[in-house]
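**Student:** dropping the sequence and predicted coords here.
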Amino acid sequence: MSAVDVTAAAEVLGSRLGFSPDVLLVLGSGLSHLMDAVEDPTVIPFEDVPGFPSAGVVGHAGKYVGGTMGGRRVLLQAGRFHLYEGYSGDTIVAPVRIAHALGVHTVILTNAAGGANPAYEPGDLVLLDDHINLMAFNPLTGPVRPGETRFPDMSRPYDPALQEMTVGLASSLGTPLHRGVYAAVSGPSFETRAEVRMLRQMGADVIGMSTVPEAIVCSALGLRCLAFSLVTNKATGLSDTPLDHEEVLETGARAGRHLGALLKALLAGMPAAQSTGAK
Ligand code: HPA
């Protein structure tokens, strides 16, 4: 697959959308149903985006849905490209660069993750406070891309003001919300028990195989970023009952509904700030 041409992809998406979105919302595994909350939806399958891997390669079709949510112009992305699928770094983070080219100022990332914090249960929602990049990969390697900074500051990868707002909204909506640290691993094999013990000692609360490359590119571009993990399972070794897939799906769907209401409130209350500018 050839590299994604960010400008060409943004031109196609922009003309299909007919508007410039303020927010990119990336939906992780099991959260695609949040697309139903978009008003006046325009659906754009990934195969219509120049340079995106074809549906056959991805396995299941990814798509964009543009429209309005919480009164804000949004672009929802169901499906993302993972390191473990063998994609290049540029492909994995292309959606963030395309969103920036479209005028997006805020990126909200969601993912499915394993709970390394023993207090976390399947179905719990976690607002990411920080992350640990253990993917042995950084999407900024290579030439500095247009609009990006060479050495972005990573002291606050997730926007503190948006985090505070999220915590306040969650409490008024009665949505239980943890705040935790996400450890990104390359996958695709799950962790061993020893690896989970190590990650826990390092300070990880949740473990997953995405999100961090996108958050790093947000920092390089000066985009506001916020991220949520949906705990789909206790990390390896933290539960002695074998994982029940049906139960995980059910709890996932329940937590997904909570997340949908929270995201709507967040979008409605979010200041229409411009990009903070590359740091
Ligand atoms: N580990 C890593 N990634 C994951 C997990 C996990 O336990 N669950 C969902 N994604």
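**Tutor:** Received it, and whenever you're ready, just let me know what you need.
**Student:** now R72, nearest residue through space, not along the chain?
**Tutor:** L267 (4.5 Å; Cβ to Cβ, 6 or more residues apart in numbering). The way it works is simple: take the backbone N, C-alpha and C, and place the C-beta from them, glycine included.
**Student:** would you agree that neighbour is in contact with G70?
**Tutor:** Yes: the criterion here is Cβ atoms under 8 Å, and L267 meets it with G70 at 3.2 Å.
**Student:** who has more neighbours out of the two?
**Tutor:** L267 (21 against 16; other Cβ atoms under 10 Å).
**Student:** how would you label that one: helix, strand or coil?
**Tutor:** Put simply, L267 is helix when judged by DSSP: H, G, I helix; E, B strand; the rest coil.
**Student:** against the ligand, how distant is it?
**Tutor:** 25 Å (Cβ to the nearest ligand atom, to the nearest Å).
**Student:** ok, that residue - contacts?
**Tutor:** V23, M69, G70, G71, R72, V74 (Cβ atoms under 8 Å, 6 or more residues apart in numbering).
**Student:** equivalent analysis for G142, please.
**Tutor:** Taking Cβ under 8 Å, 6+ apart as the test, what G142 contacts is G89.
**Student:** do the same with D129
**Tutor:** Contacts of D129 by Cβ under 8 Å, 6+ apart are Y158, Q163, R179, G180, V181.
**Student:** G269 now?
**Tutor:** Contacts of G269 by Cβ under 8 Å, 6+ apart are G70, M165, L169.
**Student:** now, among these, which is nearest to the ligand?
**Tutor:** In terms of Cβ to the nearest ligand atom, no member of those lies closer to the ligand than L169, at 25.2 Å.
**Student:** pretty sure the closest one is in a helix, no?
**Tutor:** Yes: according to three-state DSSP, L169 belongs to a helix.
**Student:** quick one: buried ones out of the contacts of D129?
**Tutor:** Applying 16 or more other Cβ atoms under 10 Å to those, the neighbour count classes Y158, Q163, G180, V181 as buried.
**Student:** from these, which two are the most distant?
**Tutor:** The span of the buried ones among the contacts of D129, defined through Cβ to Cβ, is set by Q163 and V181 at 13.0 Å.
**Student:** for the closest residue to the ligand within the stretch 101-250 of the chain, grab phi and psi.
**Tutor:** Ranked by Cβ to the nearest ligand atom, the top residue of the stretch 101-250 of the chain for proximity to the ligand is G114, at 2.1 Å. With angles defined as degrees, to the nearest 10, G114 sits at phi -90, psi 140.
**Student:** buried ones from the contacts of L267, can you make that a ChimeraX selection?
**Tutor:** Buried subset of those, written as a ChimeraX selection, criterion 16+ other Cβ under 10 Å:
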select :23,69,70,72,74
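**Student:** farthest-apart pair in the contacts of L267, please.
**Tutor:** Largest separation among these by Cβ to Cβ: V23 and G71, giving 11.3 Å.
**Student:** ok, and the closest non-adjacent residue to M202?
**Tutor:** Nearest non-adjacent residue to M202 (Cβ to Cβ, 6+ apart): I132, at 6.0 Å.
**Student:** same thing with A3?
**Tutor:** D90 is the one closest to A3 (Cβ to Cβ, 6+ apart), at 5.3 Å.
**Student:** against D159, how distant is that neighbour?
**Tutor:** Note on D90: its distance to D159, by Cβ to Cβ, to the nearest Å, is 25 Å.
**Student:** kindly report the same for R73.
**Tutor:** 19 Å.
**Student:** what does the stretch 51-200 of the chain put close to the ligand?
**Tutor:** A112, A113, G114, F190, E191 (Cβ under 6 Å from any ligand atom).
**Student:** most neighbours among the residues you listed, please name it.
**Tutor:** A113 (31 neighbours).
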